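>>> Sequence and predicted structure, then a few things I'm wondering about:
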Amino acid sequence: MTENELSKVVFDAGLKIHKKLGAGLFEHVYEECLFYELSKTGLLIERQKLFPIIYEDLKIENAFRLDIMLENKLILEIKTVDYLNSIHKAQLLTYLKMTDCKLGLLLNFQSDVFKNGVTRIVNHL
């Protein structure tokens, strides 16, 4: 599947969760539910995946942790905030660069309308 096809699967799963649970829960609840929904698709899904950072000759193990990664090509960053800001976007863009992925989705489950809480971040796409 392409990154865009994967993002459609994620959006549909996130919408289902948001309709059922609404806004106002902790981030880890939505992450757990999203992992559960995506696990039913048969796709390769990894949760809380650790990555190193290499800086010159220094390798920093477990330098950052991804909320969810699909098929080693789509990164999901889950939030429950009043609004997404530039720090959230910069964080995901950095993750994309460090993993050489092309697409990431910021999913803010705090939004009244789920689609308004979804932001696509691209890296050389």
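Received it, and whenever you're ready, just let me know what you need.
>>> for this protein, longest helix please?
Counting residues, the longest helix found in the chain (DSSP state H) is helix 3-21.
>>> so how far is stretch 28-41 from its chain's centroid?
With C-alpha atoms, centre = their mean, to the nearest Å as the basis, stretch 28-41 stands 11 Å off its chain's centre.
>>> Report the buried residues of the longest helix of the chain.
Across helix 3-21, burial judged by 16 or more other C-beta atoms under 10 Å covers E3, L6, S7, V9, V10, F11, A13, G14, I17, H18. Any C-beta I mention is one placed from the backbone N, CA and C, and that applies to glycine too.
>>> and the residue nearest in space to the middle of the chain, which of the three is it?
The geometric centre of the chain, computed from its C-alpha atoms, lies nearest to L76 (C-alpha atoms, centre = their mean), at 0.9 Å. Judged by DSSP: H, G, I helix; E, B strand; the rest coil, the three-state class of L76 is strand.
>>> what sits against the closest residue to L105 other than its chain neighbours?
The spatially closest residue to L105, leaving aside those adjacent along the chain, is L76, at 5.3 Å (C-beta to C-beta, 6 or more residues apart in numbering). Listed by C-beta atoms under 8 Å, 6 or more residues apart in numbering, the contact partners of L76 are V10, L34, L66, D67, I68, M69, L70, G104, L105, L107.
>>> Please confirm that the last one is located within a strand.
Yes. Applying three-state DSSP, one finds L107 inside a strand.
>>> so what's it bridging to?
Beta-bridge pairing for L107 (DSSP bridges): I78, V118.
>>> burial measure for it, as a count.
28 (other C-beta atoms under 10 Å).
>>> wait, it sits on L74?
No. Taking contact to mean C-beta atoms under 8 Å, the distance of 11.5 Å between L107 and L74 leaves them out of contact.
>>> Which neighbours do the two have in common?
With C-beta under 8 Å, 6+ apart as the test, L107 and L74 both reach V10.
>>> Before I go, just wanted to say thanks for your time.
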